[in-house]
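[1] could you look at this predicted model? Sequence included:
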Amino acid sequence: TVFAQNSYPSKPVRIVVGFSAGGTTDVVARIMAKELTQSLGQSFIIENRPGGGSNIATEVVKAADPDGYTLLFVAVTSTINQTLYPKIKFDLNRDFEAVALGAKVPNILVVHPSVPANNVKEFIEWARANDDKIAYASSGSGTSIHMAGEMFKVRTGLKTQHVPYKGSAPSVVSLVAGETDFGFLTAVTINAQLKAGNLRALAVAHDSRLPAMPDVPTMNEAGLKGFMADAWFMAAVPAGTPQPIVDRLYSEIAKILPQEDVKSKLDSVGVLPAGLSPKASSTFLRNEIAKWNEVVKTAKITLD
């Protein structure tokens, strides 16, 4: 096995991404693939397999040989899907080995400027008074953006309407136009609109403030304790992949993430490097599945 680790990789490695090219998941995967190609001396090739809310990509990697030459770039969506799809064909905990939680992308609570609220407390009061008339935008049913909205409803008792769009871009357009009143969106999708004053950020659904938005409080600071709704990305391999290969991949990713050029690339798209070990990543995965399972069940969310 020492030999296997030293000689790995001896041919190109594919990283399967469950979303189309150009989205945040794909952008982060490509940054990682480029760095791994340079540091390990073999091509790490991105293969986009969109469809089924990323389930198709997950099934492709589950069926692959556990030899370290097929990686899954897992996004938060997969942990939501575990509960959302009743007939799902995989179990993330059983069928995969977590390699490294690479990065987190916090969702930010934003409102249209016409909403008369400058903080979360004022927003909740206003929303309660107008509950039957307001709606929140998401990038599609079952996405972390949709789930953040549902978790917000569960925590506040609001009944506001959910309006799903086909992707982040159209959901931002609807918010800026005032067709919807609020949403949970990532920095990469709303930065320009915040700077232009077309949207207002009220809070970050993360455990710390964002370097790019130091003035925006966390949900915790705003009074909703423990409200965390990050999008995130994790490298994983099929269960049964030799441990030395898992360790080799993790050690390379852990070396890559703190590099200044990588950090600045990630920072420019509102992404925070994480770099959790395989064991810590595995625990994180279990906790995320449990968290979103509770939201899906409490909010009675179905795919209709």
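    Alright, I've got the coordinates.
[2] so where is the chain shaky, pLDDT-wise?
    Scanning the chain with the threshold set as pLDDT under 70 gives 1-6, 304.
[3] contact partners for the residue nearest in space to the middle of it?
    A centroid search over the chain (C-alpha atoms, centre = their mean) returns A231, at 2.1 Å, as the residue closest to the centre. Residues in contact with A231 (C-beta atoms under 8 Å, 6 or more residues apart in numbering) are 24, 75-76, 104-107, 144-145, 186. (C-beta placed from N, C-alpha, C; glycine too.)
[4] can you name the residues bridging to it?
    On DSSP bridges, the residues paired with A231 through beta bridges are V105.
[5] can you report how many residues lie near the spatially closest residue to Y165 that is not a sequence neighbour?
    Leaving aside its sequence neighbours, Y165 sits nearest to S171 (C-beta to C-beta, 6 or more residues apart in numbering; 4.2 Å). When neighbours are defined as other C-beta atoms under 10 Å, S171 has 28 of them.
[6] so S171 sits against F184, correct?
    No: counting by C-beta atoms under 8 Å, no contact exists between S171 and F184, whose distance comes to 9.9 Å.
[7] common neighbours of those two, please.
    If you check S171 and F184 against C-beta under 8 Å, 6+ apart, the residues they both contact are 138, 145.
[8] all the helices of the stretch 151-300 of the chain, residue numbers only.
    Per DSSP state H, counting those that start in this stretch, the stretch 151-300 of the chain has helices spanning 168-176, 187-195, 243-256, 260-268, 278-298. These are given in chain order.
[9] find the nearest non-adjacent residue to G226, please.
    Spatial nearest neighbour of G226, chain neighbours left out: N220 (6.8 Å); criterion: C-beta to C-beta, 6+ apart.
[10] for the one you found, list the residues it contacts.
    With contacts defined as C-beta under 8 Å, 6+ apart, the neighbours of N220 are 207, 226-227.
[11] whichever of the residues you listed end up buried, select them in PyMOL.
    In PyMOL, a selection of the buried entries from the contacts of N220 looks like this (16 or more other C-beta atoms under 10 Å):
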select buried, resi 227
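[12] CSV please, covering the contacts of N220 and showing distance to F96.
    Conversion of the contacts of N220 to CSV gives the following (distance: C-beta to C-beta, whole Å):
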residue, distance to F96
D207, 25
G226, 27
F227, 28
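[13] for V120, state which of the contacts of N220 is nearest.
    Looking at these and their distance to V120, the nearest is F227, at 9.3 Å (C-beta to C-beta).
[14] which residues does the nearest residue to the closest one once chain neighbours are set aside contact?
    Sequence neighbours aside, M219 is the residue nearest to F227 in space, at 3.7 Å (criterion: C-beta to C-beta, 6+ apart). M219 makes contact with 109, 120, 203-206, 227-228 under the criterion C-beta under 8 Å, 6+ apart.
[15] redo that, cut-off 6 Å
    For M219, the contacting residues are 203, 205, 227, taking C-beta atoms under 6 Å, 6 or more residues apart in numbering as the criterion.
[16] separation between it and A231?
    In this structure, M219 and A231 are separated by 15 Å, where distance is defined by C-beta to C-beta, to the nearest Å.
[17] what's the distance between the residue nearest to Y165 and A135?
    Taking C-beta to C-beta as the criterion, S171 is separated from A135 by 11 Å.
[18] please, where are all the strands along the chain?
    All strands of the chain, identified by DSSP state E, fall at 13-17, 44-48, 70-75, 96-111, 135-138, 161-164, 182-186, 200-204, 230-238, 272-276.
[19] adding distance to L303, write those strands out as CSV.
    Converted to CSV, the strands of the chain look like this (distance: least, C-beta to C-beta, whole Å):
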stretch, distance to L303
strand 13-17, 22
strand 44-48, 22
strand 70-75, 17
strand 96-111, 21
strand 135-138, 13
strand 161-164, 11
strand 182-186, 19
strand 200-204, 28
strand 230-238, 19
strand 272-276, 29
